[in-house]
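> here are the coordinates; sequence isn't available:
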């Protein structure tokens, strides 16, 4: 409780700050989910405006094939930003801004670490081993969220020369939430996403306590919610019309909401593992179900630009909602009336 009070204080102090790159996420054991499956969720915020899903086959003996989320233009499928593999392992990340600072220009390697993990890891423990054996410095400052086929779920708060592991089964309710700060990092306001962290807890804590988490709740409700913990209300529900794009879970730079469900004890990953994917601006994206062997065509890459039609369609609707800046210093503004109209459609 002391830590939550400190986080709330930092959130209030940082209400005027809008981070450039963000994400909101969770990992959960079956205790917290309606299906009894482990689950991870990533609401992705990034400067890369569009993304797609693709299947990557195993490259060598002992490696696994996987389905990953890639930035538009990544025709080589080099950098997966979340994904699930044929062994029942899944991974995603959020950037962290209060871990030990980079000690070298060798950085921004989070997607390369996740791609390696999807190829090599069967379990949460395997991921710990991978982090232990990768060359230092790692070139990352991130909260990596992982689940596996044995029902484990954990975060690894990772920096250039080490990490701190947090297992979800040791938490109240079997679920952990992360935005853009690390619990093991400096608690002095240098992190980001404190308001989104508190908003996610406000929206999800009662459901987590009752063991009722579902993929639909995350993609269709939380990723579309304009609840703001700093003021204690949902501006989309309360009838506000024009608001600044600041501190909500969905943001102009939100490009996907992805939920991955792991397997039950008697299932193989091929038959049981699945992903609910909403590509493009999440409040206006159309979610679809993905398995290890089937990616709906609208979520996969096409030409031109090696992009997905799902991302393009949702982002085109997003552009109708945001009011263009006037002058140099004004934040992006959202026309919530227009957003309500489009969401009804």
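Received the coordinates, thanks. Just so it is clear, the model here is predicted, and its values are computed rather than measured. Numbering: from 1, shown residues only.
> hmm, who's touching stretch 292-303?
The contact list for stretch 292-303 (C-beta atoms under 8 Å, 6 or more residues apart in numbering) reads 52-55, 65-67, 70, 72, 75, 84-86, 269-270, 273, 277, 279, 288-290, 307-310. Heads up, the C-betas are built off the backbone N, CA and C, glycines and all.
> one more: stretch 113-122?
Residues contacting stretch 113-122 (C-beta under 8 Å, 6+ apart): 56, 58-59, 62-64, 66, 68, 78-85, 87-89, 91-93, 126-127, 130-131, 134, 138, 140, 144, 146, 148-149.
> how many neighbours does residue 345 have?
Counted with other C-beta atoms under 10 Å, the neighbours of residue 345 add up to 6.
> could you do residue 303 as well?
Residue 303, neighbours per other C-beta under 10 Å, totals 7.
> follow-up on the earlier one: make a PyMOL selection of whichever of the contacts of stretch 113-122 turn out to be buried.
The buried residues among these can be selected in PyMOL (16 or more other C-beta atoms under 10 Å) with this line:
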select buried, resi 56+63+64+66+68+79+80+81+82+83+84+85+87+88+89+91+92+93+126+127+130+131+134+138+140+144+146+148+149
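> return the subset of the contacts of stretch 113-122 lying in helices.
126-127, 130-131 (DSSP state H).
> of those residues, closest to residue 27?
Closest approach between these and residue 27, by C-beta to C-beta: residue 127, at 11.9 Å.
> residues touching that closest one, list them.
89, 91, 117, 121, 144, 146, 156.
> in three-state terms, label the last one for me.
What that stands for is residue 156. strand (DSSP: H, G, I helix; E, B strand; the rest coil).
> give me every residue that touches it.
Per C-beta under 8 Å, 6+ apart, neighbours of residue 156: 127-128, 131, 143-144, 146, 163-166.
> and with 7 Å instead?
127, 131, 144, 163, 165 (C-beta atoms under 7 Å, 6 or more residues apart in numbering).
> how about JSON lines for those residues, with pLDDT added?
Output for these, formatted as JSON lines (pLDDT from 0 to 100):
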{"residue": "127", "pLDDT": "98"}
{"residue": "131", "pLDDT": "98"}
{"residue": "144", "pLDDT": "98"}
{"residue": "163", "pLDDT": "98"}
{"residue": "165", "pLDDT": "98"}
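> among the contacts of stretch 292-303, name the ones in strands.
Members of the contacts of stretch 292-303 lying in strands (criterion: DSSP state E): 52-55, 66-67, 70, 84-85, 277, 279, 288-290.
> which among these gets closest to residue 178?
Among the ones in strands among the contacts of stretch 292-303, and counting by C-beta to C-beta, the member closest to residue 178 is residue 84, at 18.7 Å.
> which residues does that closest one bridge with?
Counting by DSSP bridges, residue 84 is bridged to residue 67, residue 90.
> quick check: the gap between it and residue 225.
Between residue 84 and residue 225 the distance is 25 Å, computed by C-beta to C-beta, to the nearest Å.
> isn't residue 241 right next to residue 336, touching?
Yes: counting by C-beta atoms under 7 Å, residue 241 touches residue 336, with 5.6 Å between them.
> buried residues in the lengthiest helix in the chain?
As assigned by DSSP H, the longest helix anywhere in the chain is helix 194-209. Buried residues in helix 194-209, defined by neighbour count with 16+ other C-beta under 10 Å: 194-201, 203-204, 207-208.
> can you name the residues that contact the nearest residue to residue 82 once chain neighbours are set aside?
Closest residue in space to residue 82, ignoring its immediate chain neighbours: residue 92 at 3.7 Å, by C-beta to C-beta, 6 or more residues apart in numbering. By C-beta under 7 Å, 6+ apart, the contact set of residue 92 is 25, 40, 42, 82, 145.
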